[in-house]
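[1] model the following, please.
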Amino acid sequence: MKYKILVILFFVFYKSFSCSCSQLSLIDKVKTHDYIAKIKITESKTIENYIDTFNPYFVKIETVKQYFGEKVNEIHLESMNDSSCGMYLPKDSEWIVYGFKNKKDGKIYTSLCSGNFQLNKTIDSLKYKNYFEEYPKQQKRVLNILEELNIKKIKEFNLKSSNKLPKDDGYHKALLSINNLDSKKTFGCYKLIHNEKGEVIDIEVINSLGRKIDQIFIRNLIGSKWSYKKIDDSVEAFEQIILINYNKENTDNTSLKYSLDNN
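    A predicted model of the protein is given here:
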(Lines give C-alpha, C1' and ligand atoms only; values in the text may rest on other atoms or scores of the structure.)
Protein backbone atom coordinates (compact mmCIF):
# COMPACT_ATOMS: atom_id res chain seq x y z
CA MET A 1 0.00 0.00 0.00
CA LYS A 2 2.90 2.29 0.81
CA TYR A 3 4.38 1.78 -2.66
CA LYS A 4 1.08 2.68 -4.32
CA ILE A 5 0.97 5.97 -2.43
CA LEU A 6 4.53 6.79 -3.50
CA VAL A 7 3.71 6.08 -7.13
CA ILE A 8 0.63 8.31 -6.99
CA LEU A 9 2.57 11.11 -5.34
CA PHE A 10 5.30 10.88 -7.97
CA PHE A 11 2.71 11.03 -10.74
CA VAL A 12 1.10 14.14 -9.22
CA PHE A 13 4.51 15.78 -8.76
CA TYR A 14 5.55 15.05 -12.33
CA LYS A 15 2.24 16.20 -13.75
CA SER A 16 2.51 19.52 -11.91
CA PHE A 17 5.63 20.28 -13.96
CA SER A 18 4.17 19.23 -17.29
CA CYS A 19 4.26 21.81 -20.07
CA SER A 20 1.44 22.31 -22.54
CA CYS A 21 1.90 24.69 -25.47
CA SER A 22 -0.54 25.79 -28.13
CA GLN A 23 0.94 25.92 -31.63
CA LEU A 24 1.28 29.51 -32.84
CA SER A 25 1.36 30.59 -36.46
CA LEU A 26 4.24 32.84 -37.53
CA ILE A 27 1.91 35.86 -37.52
CA ASP A 28 0.69 35.05 -34.01
CA LYS A 29 4.29 34.74 -32.82
CA VAL A 30 4.98 38.21 -34.22
CA LYS A 31 1.81 39.68 -32.69
CA THR A 32 2.30 38.27 -29.20
CA HIS A 33 6.03 38.78 -28.55
CA ASP A 34 8.02 41.88 -27.58
CA TYR A 35 11.35 40.67 -28.93
CA ILE A 36 12.24 38.94 -32.21
CA ALA A 37 15.85 38.37 -33.26
CA LYS A 38 18.32 36.08 -34.98
CA ILE A 39 20.98 35.30 -32.40
CA LYS A 40 24.02 33.15 -31.61
CA ILE A 41 24.62 31.74 -28.12
CA THR A 42 28.08 32.82 -26.91
CA GLU A 43 27.89 31.50 -23.34
CA SER A 44 25.55 28.94 -21.81
CA LYS A 45 25.14 26.59 -18.89
CA THR A 46 25.93 22.94 -19.57
CA ILE A 47 23.94 19.92 -18.51
CA GLU A 48 26.96 18.55 -16.62
CA ASN A 49 27.53 21.51 -14.31
CA TYR A 50 23.91 22.65 -13.96
CA ILE A 51 22.54 21.78 -10.51
CA ASP A 52 18.77 22.31 -10.83
CA THR A 53 17.17 22.09 -14.28
CA PHE A 54 13.90 23.53 -12.93
CA ASN A 55 15.41 26.87 -11.91
CA PRO A 56 15.65 29.90 -14.24
CA TYR A 57 18.93 30.54 -16.03
CA PHE A 58 20.21 32.84 -18.78
CA VAL A 59 22.48 32.66 -21.81
CA LYS A 60 24.72 35.34 -23.26
CA ILE A 61 24.12 36.12 -26.91
CA GLU A 62 25.41 37.87 -30.00
CA THR A 63 22.72 39.56 -32.09
CA VAL A 64 22.99 38.66 -35.77
CA LYS A 65 19.78 40.41 -36.86
CA GLN A 66 17.24 42.36 -34.81
CA TYR A 67 13.73 42.10 -36.25
CA PHE A 68 11.77 43.73 -33.44
CA GLY A 69 12.45 45.13 -29.98
CA GLU A 70 15.66 46.37 -28.41
CA LYS A 71 18.98 44.53 -28.65
CA VAL A 72 20.04 42.69 -25.51
CA ASN A 73 23.15 40.80 -24.41
CA GLU A 74 21.37 37.94 -22.68
CA ILE A 75 18.19 35.87 -22.89
CA HIS A 76 16.50 34.48 -19.76
CA LEU A 77 14.73 31.13 -19.66
CA GLU A 78 12.38 29.45 -17.21
CA SER A 79 14.46 26.27 -16.92
CA MET A 80 16.48 23.72 -18.88
CA ASN A 81 13.71 21.14 -18.68
CA ASP A 82 11.08 21.07 -21.43
CA SER A 83 8.47 19.52 -19.11
CA SER A 84 8.39 22.89 -17.31
CA CYS A 85 8.32 24.85 -20.60
CA GLY A 86 12.08 25.41 -20.38
CA MET A 87 14.67 24.73 -23.07
CA TYR A 88 18.39 24.24 -23.42
CA LEU A 89 20.34 26.71 -25.59
CA PRO A 90 23.90 25.35 -25.98
CA LYS A 91 26.91 27.49 -26.82
CA ASP A 92 27.43 28.24 -30.55
CA SER A 93 23.86 27.31 -31.46
CA GLU A 94 22.01 29.83 -33.67
CA TRP A 95 18.34 30.67 -33.21
CA ILE A 96 15.36 32.75 -34.16
CA VAL A 97 14.10 33.78 -30.73
CA TYR A 98 10.70 35.21 -29.78
CA GLY A 99 10.76 36.76 -26.32
CA PHE A 100 8.73 38.66 -23.74
CA LYS A 101 9.94 41.74 -21.89
CA ASN A 102 9.47 41.41 -18.14
CA LYS A 103 7.82 44.60 -16.89
CA LYS A 104 9.49 44.37 -13.48
CA ASP A 105 13.15 43.87 -14.43
CA GLY A 106 13.09 44.83 -18.14
CA LYS A 107 14.81 41.54 -19.12
CA ILE A 108 13.88 39.37 -22.09
CA TYR A 109 12.46 35.94 -21.29
CA THR A 110 11.59 33.07 -23.61
CA SER A 111 10.36 29.49 -23.26
CA LEU A 112 9.55 26.32 -25.15
CA CYS A 113 6.07 27.71 -25.91
CA SER A 114 7.45 30.77 -27.72
CA GLY A 115 8.16 28.65 -30.81
CA ASN A 116 11.88 29.42 -31.09
CA PHE A 117 13.62 28.06 -34.16
CA GLN A 118 17.17 26.63 -34.26
CA LEU A 119 19.00 27.48 -37.47
CA ASN A 120 22.15 25.31 -37.30
CA LYS A 121 20.35 22.15 -36.25
CA THR A 122 22.01 18.80 -36.96
CA ILE A 123 19.64 16.24 -38.46
CA ASP A 124 20.34 12.59 -39.26
CA SER A 125 19.67 12.45 -43.02
CA LEU A 126 19.24 8.66 -43.04
CA LYS A 127 17.05 8.32 -39.95
CA TYR A 128 14.93 11.42 -40.63
CA LYS A 129 15.07 11.76 -44.42
CA ASN A 130 11.88 13.81 -44.90
CA TYR A 131 12.66 16.09 -41.96
CA PHE A 132 16.22 16.55 -43.25
CA GLU A 133 14.88 17.70 -46.64
CA GLU A 134 12.04 19.88 -45.35
CA TYR A 135 13.78 21.65 -42.47
CA PRO A 136 16.05 23.85 -44.65
CA LYS A 137 13.01 24.93 -46.71
CA GLN A 138 11.10 25.83 -43.56
CA GLN A 139 14.15 27.68 -42.23
CA LYS A 140 14.56 29.69 -45.44
CA ARG A 141 10.85 30.53 -45.50
CA VAL A 142 10.85 31.88 -41.92
CA LEU A 143 13.99 33.96 -42.53
CA ASN A 144 12.64 35.39 -45.80
CA ILE A 145 9.39 36.45 -44.15
CA LEU A 146 11.03 38.01 -41.10
CA GLU A 147 13.45 39.93 -43.34
CA GLU A 148 10.63 41.69 -45.21
CA LEU A 149 7.55 41.47 -42.97
CA ASN A 150 6.26 44.87 -41.84
CA ILE A 151 6.42 43.89 -38.16
CA LYS A 152 6.14 47.46 -36.88
CA LYS A 153 2.82 47.96 -38.64
CA ILE A 154 1.47 44.63 -37.40
CA LYS A 155 2.38 45.50 -33.83
CA GLU A 156 0.67 48.90 -34.15
CA PHE A 157 -2.65 47.14 -34.83
CA ASN A 158 -2.38 45.53 -31.38
CA LEU A 159 -4.57 42.61 -32.44
CA LYS A 160 -4.91 39.52 -30.28
CA SER A 161 -3.95 36.12 -31.64
CA SER A 162 -6.77 34.23 -33.32
CA ASN A 163 -7.53 30.91 -34.94
CA LYS A 164 -10.23 32.00 -37.36
CA LEU A 165 -10.34 30.15 -40.68
CA PRO A 166 -12.47 30.31 -43.86
CA LYS A 167 -16.01 29.04 -43.33
CA ASP A 168 -17.13 29.03 -46.97
CA ASP A 169 -15.43 28.57 -50.37
CA GLY A 170 -14.94 32.32 -50.90
CA TYR A 171 -11.30 32.21 -49.79
CA HIS A 172 -10.53 29.26 -52.09
CA LYS A 173 -12.12 31.08 -55.04
CA ALA A 174 -10.02 34.16 -54.24
CA LEU A 175 -6.85 32.05 -54.46
CA LEU A 176 -8.01 30.47 -57.71
CA SER A 177 -8.48 33.95 -59.19
CA ILE A 178 -4.73 34.66 -58.87
CA ASN A 179 -3.44 31.16 -59.55
CA ASN A 180 -2.33 32.04 -63.10
CA LEU A 181 -0.37 35.08 -61.90
CA ASP A 182 3.27 35.03 -60.79
CA SER A 183 4.73 37.10 -57.97
CA LYS A 184 8.26 38.35 -57.38
CA LYS A 185 7.57 38.05 -53.66
CA THR A 186 7.41 34.87 -51.57
CA PHE A 187 4.53 36.01 -49.39
CA GLY A 188 1.83 38.62 -48.93
CA CYS A 189 0.37 39.93 -45.67
CA TYR A 190 -3.11 41.41 -45.27
CA LYS A 191 -5.34 42.81 -42.54
CA LEU A 192 -8.94 41.58 -42.83
CA ILE A 193 -11.87 43.41 -41.25
CA HIS A 194 -14.97 41.29 -40.63
CA ASN A 195 -18.54 42.22 -39.72
CA GLU A 196 -20.64 40.50 -37.06
CA LYS A 197 -21.45 37.72 -39.55
CA GLY A 198 -17.75 36.97 -40.06
CA GLU A 199 -17.81 38.32 -43.62
CA VAL A 200 -14.80 40.24 -44.95
CA ILE A 201 -15.87 43.86 -45.50
CA ASP A 202 -12.48 45.54 -45.93
CA ILE A 203 -8.82 44.57 -46.52
CA GLU A 204 -5.60 46.48 -45.94
CA VAL A 205 -2.31 45.47 -47.58
CA ILE A 206 0.61 45.12 -45.16
CA ASN A 207 3.05 43.32 -47.47
CA SER A 208 2.15 43.19 -51.17
CA LEU A 209 2.35 40.24 -53.56
CA GLY A 210 2.18 42.79 -56.38
CA ARG A 211 -0.40 45.47 -57.21
CA LYS A 212 -2.29 43.45 -59.81
CA ILE A 213 -2.34 40.31 -57.65
CA ASP A 214 -3.48 42.30 -54.61
CA GLN A 215 -6.31 43.96 -56.51
CA ILE A 216 -7.70 40.70 -57.88
CA PHE A 217 -7.25 38.80 -54.63
CA ILE A 218 -8.89 41.51 -52.51
CA ARG A 219 -11.79 41.93 -54.91
CA ASN A 220 -12.56 38.21 -54.74
CA LEU A 221 -11.91 37.85 -51.02
CA ILE A 222 -14.44 40.54 -50.04
CA GLY A 223 -17.60 38.84 -48.77
CA SER A 224 -15.94 35.53 -47.83
CA LYS A 225 -16.94 34.24 -44.41
CA TRP A 226 -14.52 33.31 -41.61
CA SER A 227 -14.96 31.91 -38.09
CA TYR A 228 -13.20 29.89 -35.39
CA LYS A 229 -11.88 26.41 -36.15
CA LYS A 230 -14.73 24.93 -34.12
CA ILE A 231 -18.13 24.95 -35.80
CA ASP A 232 -19.89 27.87 -34.16
CA ASP A 233 -22.73 29.99 -35.52
CA SER A 234 -22.18 32.77 -32.99
CA VAL A 235 -19.73 35.03 -34.82
CA GLU A 236 -18.82 38.58 -33.82
CA ALA A 237 -17.12 41.42 -35.67
CA PHE A 238 -13.34 41.03 -35.60
CA GLU A 239 -10.09 41.93 -37.33
CA GLN A 240 -7.26 39.57 -38.20
CA ILE A 241 -4.01 39.38 -40.13
CA ILE A 242 -3.34 36.62 -42.64
CA LEU A 243 -0.19 35.54 -44.43
CA ILE A 244 -0.38 34.18 -47.98
CA ASN A 245 2.54 32.04 -49.19
CA TYR A 246 3.59 31.94 -52.83
CA ASN A 247 5.10 28.69 -54.09
CA LYS A 248 6.48 29.11 -57.60
CA GLU A 249 7.23 25.36 -57.76
CA ASN A 250 3.50 24.67 -58.15
CA THR A 251 3.39 25.30 -61.90
CA ASP A 252 0.57 22.93 -62.89
CA ASN A 253 -3.07 23.96 -62.83
CA THR A 254 -4.10 21.19 -60.42
CA SER A 255 -2.40 22.75 -57.37
CA LEU A 256 -2.64 26.23 -55.91
CA LYS A 257 0.46 28.41 -56.05
CA TYR A 258 -0.90 30.57 -53.23
CA SER A 259 -1.90 29.24 -49.81
CA LEU A 260 -2.92 30.46 -46.36
CA ASP A 261 -0.11 30.20 -43.84
CA ASN A 262 -1.57 28.92 -40.57
CA ASN A 263 1.62 27.26 -39.26
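
[2] output the below-cut-off pLDDT ranges for the stretch 101-250 of the chain.
    Applying pLDDT under 70 to the stretch 101-250 of the chain picks out residues 123-132, 161-162, 229-235, 250.

[3] report the longest helix in the protein, please.
    Longest helix of the chain, by residue count under DSSP state H: helix 129-148.

[4] who touches that helix?
    Helix 129-148 is touched from outside by 26, 36, 38, 65, 67, 96, 117, 119, 121, 123-125, 185-187, 207, 243, 245, with contacts defined as CB atoms under 8 Å, 6 or more residues apart in numbering. Placement of C-beta: from N, CA and C, glycine included.

[5] which of these are buried?
    Buried by 16 or more other CB atoms under 10 Å: 26, 36, 38, 67, 96, 117, 119, 186-187, 207, 243, 245, out of the contacts of helix 129-148.

[6] next step: these restricted to strands.
    36, 38, 67, 96, 117, 187, 207, 243, 245 (DSSP state E).

[7] any chance of the residues you listed in a markdown table, with distance to residue 219 too?
    Shown next, in a markdown table, are these (distance: CB to CB, whole Å):
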| residue | distance to residue 219 |
| --- | --- |
| 36 | 33 |
| 38 | 37 |
| 67 | 32 |
| 96 | 35 |
| 117 | 35 |
| 187 | 20 |
| 207 | 18 |
| 243 | 19 |
| 245 | 20 |
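
[8] give me the distance from the longest helix of the chain to the chain's centre.
    Mean-position distance between helix 129-148 and its chain equals 13 Å (CA atoms, centre = their mean, to the nearest Å).

[9] what's the domain layout of this structure?
    17-151, 162-260 (automatic domain parsing).

[10] burial of residue 118, as a residue count?
    For residue 118, the neighbour count with other CB atoms under 10 Å is 16.

[11] for it, which non-adjacent residue is closest in space?
    For residue 118, ignoring the flanking residues on the chain, the nearest one in space by CB to CB, 6 or more residues apart in numbering is residue 95 at 5.4 Å.

[12] didn't the one you found look like it was pressed against residue 116?
    Yes: if you go by CB atoms under 8 Å, residue 95 and residue 116 touch, sitting 5.5 Å apart.

[13] higher neighbour count, those two?
    The neighbour count for residue 95 versus residue 116, taken as other CB under 10 Å, is higher for residue 95 (23 against 19).

[14] what residues are up against residue 204?
    Under the criterion of CB under 8 Å, 6+ apart, the neighbours of residue 204 are 190-191, 193.

[15] are any of those residues buried, and if so which?
    Buried subset of the contacts of residue 204 (neighbour count, 16+ other CB under 10 Å): 190-191.

[16] can you tell me which of the contacts of residue 204 are in strands?
    Per DSSP E, strands hold the following members of the contacts of residue 204: 190-191, 193.

[17] which of these lies closest to residue 73?
    Residue 73 lies nearest to residue 191 out of the ones in strands among the contacts of residue 204, by CB to CB, at 34.6 Å.

[18] thinking that closest one is in contact with residue 243, fair?
    No: taking contacts as CB under 8 Å, residue 191 lies outside contact range of residue 243: 11.1 Å.

[19] thinking again about what came up before, nearest to residue 87, of the ones in strands among the buried ones among the contacts of helix 129-148?
    residue 117 (11.6 Å).

[20] okay, and the beta partners of that closest one?
    residue 96 (DSSP bridges).

[21] ok, it touching residue 94?
    No: when contacts are counted by CB under 8 Å, residue 117 is not listed as touching residue 94 (9.7 Å).

[22] what's residue 20 sitting at in phi/psi?
    With angles defined as degrees, to the nearest 10, residue 20 sits at phi -130, psi 120.

[23] could you report the neighbour count for it?
    For residue 20, the neighbour count with other CB under 10 Å is 6.

[24] measure it to residue 245 for me?
    Noted for residue 20: a distance of 28 Å to residue 245, by CB to CB, to the nearest Å.

[25] OK, contacts around residue 87?
    Neighbouring residues of residue 87 by CB under 8 Å, 6+ apart: 77, 80, 110-112, 116.

[26] many thanks, we can stop here.
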